[in-house]
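[1] Give me a model of this one.
(one chain, ligands or ions: 1)
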Amino acid sequence: MNVSEKLEAIKNEAKERISIIKSMHELNDAKAKYLGKKGMFNDVMKLMKDLPNEEKPMFGKLTNETKQIILKYIEEQRNLIEQAIIQEQLNKETIDVTLPGKKFLLGKKHLMTQIVEEIEDLFVGMGYQIMEGPEIETDENNFEKLNLPKDHPARDMQDTFYITNDTLLRTHTSPVQVRTMLEKGGKEPIKILCPGKVYRRDDDDATHSHQFMQIEGLVVDETTSMAELKGTLLEMANKMFGEGRKIRLRPSYFPFTEPSVEVDISCHNCNGKGCNICKGTGWIEVLGAGMVNNNVLEASGYDSTKYRGFAFGIGVERLAMLKYGINDIRQFYTNDIRFNSQFKK
Ligand code: DAH
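    Okay, here's the model as predicted:
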């Protein structure tokens, strides 16, 4: 075989072999095989040595041209392989627009949190400060300083979880009144709202829960009055249950207030005509309140000849149940998403 036949053979073989290569890896091998230092053109060089000198340039040129052609085959094949890789990737990644979409569930605040925040906002707007106290309380703060000494019969109204003889799970948020008055040292006026969890030794049923939520309000200064208490609660009734509500105060008894009242709001459902929510009376009972008992002021360092106060305690679940027509208090604590998600803000 002479040199040009040899070159022609290499070129044809290369064309055929390269055209069926499918991977970059094999293509690089082929490049080394044909064009590398120990490649097939070495054999051609050996044949060239025997050629007469005047023919050498011509064959040198032919050799280079052949190399260029093979290089072109390789590059063309590289393009084809690259495109095939891209195409394969595109096929794999196509988006099926007919697939059903994914639902992203957005969390929202629990109804309890919503109501507490709503009431907080309302009272902060009237100049109240938000205060909190511990859920594990002393007997002294929870009872004694609120005018409920150890043998007082009214303690029976609040079945208590005792931890020791002197500590308990607070049965109401009223001890935050005591804590605040002690903290202020009997000198400064007070205007606070205290939301929090409270505990009672009740059997759970549709209207009772061993743990529930209260919001306590307390105002202490030199001029406050029952009229101011009534105005404040009327404002709350209108904001929480819609404009046009009326309130009515009925005499009641709490050891920590004198006089004490039970507060009713005219029914938001029937507008006072009588329905199943208000049990036909046109009124719904929402909270207890009163003028702070002088004994309570004195026990926490306030001079009752100079200062007076009013206080109120709201049961939050009860308020929410009335507002939204919820008939079982356990709904607030069983975390059923079907219940919780109904109350969107
Ligand atoms: N602490 C009372 C309770 O849990 C509620 C209450 C009534 C609070 C009258 C008050 C109030 O501040 O003045 O039953």
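
[2] List the contacts of the residue of the stretch 51-200 of the chain found nearest the ligand.
    Closest to the ligand within the stretch 51-200 of the chain is His172: 3.2 Å, counting by C-beta to the nearest ligand atom. C-beta here means a position set from N, CA and C on the backbone, and glycine is covered the same way. The contact partners of His172, by C-beta atoms under 8 Å, 6 or more residues apart in numbering, come to Asn142, Gln158, Val198, Gln214, Glu216, Gly313.

[3] ok, and which of those reach the ligand?
    Of the residues in the contacts of His172, proximity to the ligand by C-beta under 6 Å from any ligand atom holds for Glu216, Gly313.

[4] So among the contacts of His172, where is pLDDT lowest?
    Here the lowest pLDDT out of those sits on Gln158, with 77.

[5] what about the residue lying closest to it once chain neighbours are set aside, neighbour count?
    With C-beta to C-beta, 6 or more residues apart in numbering as the criterion, Gln158 has its nearest non-adjacent residue at 4.0 Å, and that residue is Thr171. For Thr171, the neighbour count with other C-beta atoms under 10 Å is 22.

[6] I'd guessed Thr171 sits against Val198; true?
    Yes. Using C-beta atoms under 8 Å, Thr171 is in contact with Val198, at 5.9 Å.

[7] so the residue of the stretch 201-345 of the chain found nearest the ligand is in which element?
    Nearest residue of the stretch 201-345 of the chain to the ligand: Gly313, at 2.4 Å (C-beta to the nearest ligand atom). Using DSSP states H and E, Gly313 maps to strand 308-315.

[8] At the contact with the ligand, which residues of the stretch 151-300 of the chain appear?
    Contact residues, the stretch 151-300 of the chain versus the ligand (C-beta under 6 Å from any ligand atom): His172, Ser174, Glu216, Phe254, Thr257, Gly288, Ala289, Gly290.

[9] most surrounded residue in those?
    Within those, most neighbours by other C-beta under 10 Å means Ser174, with 30 neighbours.

[10] quick one, phi psi at that residue?
    phi -60, psi -30 (degrees, to the nearest 10).

[11] cool, and Glu285?
    Glu285 adopts backbone torsions of phi -80, psi 130, taken as degrees, to the nearest 10.

[12] which ones are touching it?
    Neighbour list for Glu285: Glu262, Val263, Asp264 [criterion: C-beta under 8 Å, 6+ apart].

[13] Would you reformat these as TSV and include pLDDT?
    Below are the contacts of Glu285 laid out as TSV (pLDDT from 0 to 100):
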residue	pLDDT
Glu262	97
Val263	96
Asp264	95
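
[14] Among the residues you listed, which one has the most neighbours?
    Neighbour counts for those (other C-beta under 10 Å) peak at Val263, which has 25 neighbours.

[15] is it fair to say that one lies in a strand?
    Yes. Val263 sits within a strand when classified using DSSP: H, G, I helix; E, B strand; the rest coil.

[16] Skipping adjacent residues, who's closest to it in space?
    Excluding its sequence neighbours, the residue lying closest to Val263 (C-beta to C-beta, 6+ apart) is Leu287, at 5.0 Å.

[17] how is this structure carved up into domains?
    Segmentation of the chain into domains, based on automatic domain parsing, reads 3-92, 111-340.

[18] deepest of these, which one?
    domain 111-340 (a mean of 17; mean count of other C-beta atoms under 10 Å).

[19] what's next to the strand holding Gly313, contact-wise?
    Against strand 308-315 from outside (C-beta under 8 Å, 6+ apart): 119, 172-174, 177, 190, 212-222, 224-226, 228-229, 232-233, 256-257, 263, 286-292, 297, 302.

[20] roughly how far is that strand from the heart of the chain?
    From the chain centre to the centre of strand 308-315 is a distance of 32 Å (C-alpha atoms, centre = their mean, to the nearest Å).

[21] got the CA positions of that strand in CSV?
    What follows is strand 308-315, C-alpha atoms only, in CSV (Å, rounded to 0.1, in the frame of the first residue of the first chain):
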residue,chain,number,x,y,z
ARG,A,308,-60.5,53.1,94.0
GLY,A,309,-60.7,50.6,91.2
PHE,A,310,-62.9,48.6,88.9
ALA,A,311,-62.2,45.1,87.6
PHE,A,312,-63.7,42.6,85.2
GLY,A,313,-63.0,39.0,84.2
ILE,A,314,-64.0,37.7,80.8
GLY,A,315,-64.2,34.0,79.9
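
[22] Give me the sheet partners of it and which way each runs.
    Applying DSSP bridges, strand 308-315 is found paired with strand 211-221 (antiparallel), strand 283-292 (antiparallel).

[23] Figure out which of those strands is closest to Gln342.
    Gln342 lies closest to strand 211-221 among these, at 18.7 Å (C-beta to C-beta).

[24] After that closest one, which helix or strand is next?
    Moving toward the C-terminus from strand 211-221, the next helix or strand (DSSP H and E) is helix 226-241.

[25] Now do that next one and strand 308-315, the angle between them.
    20 degrees (axes from the mean of the first three to the mean of the last three C-alpha atoms, to 10 degrees).
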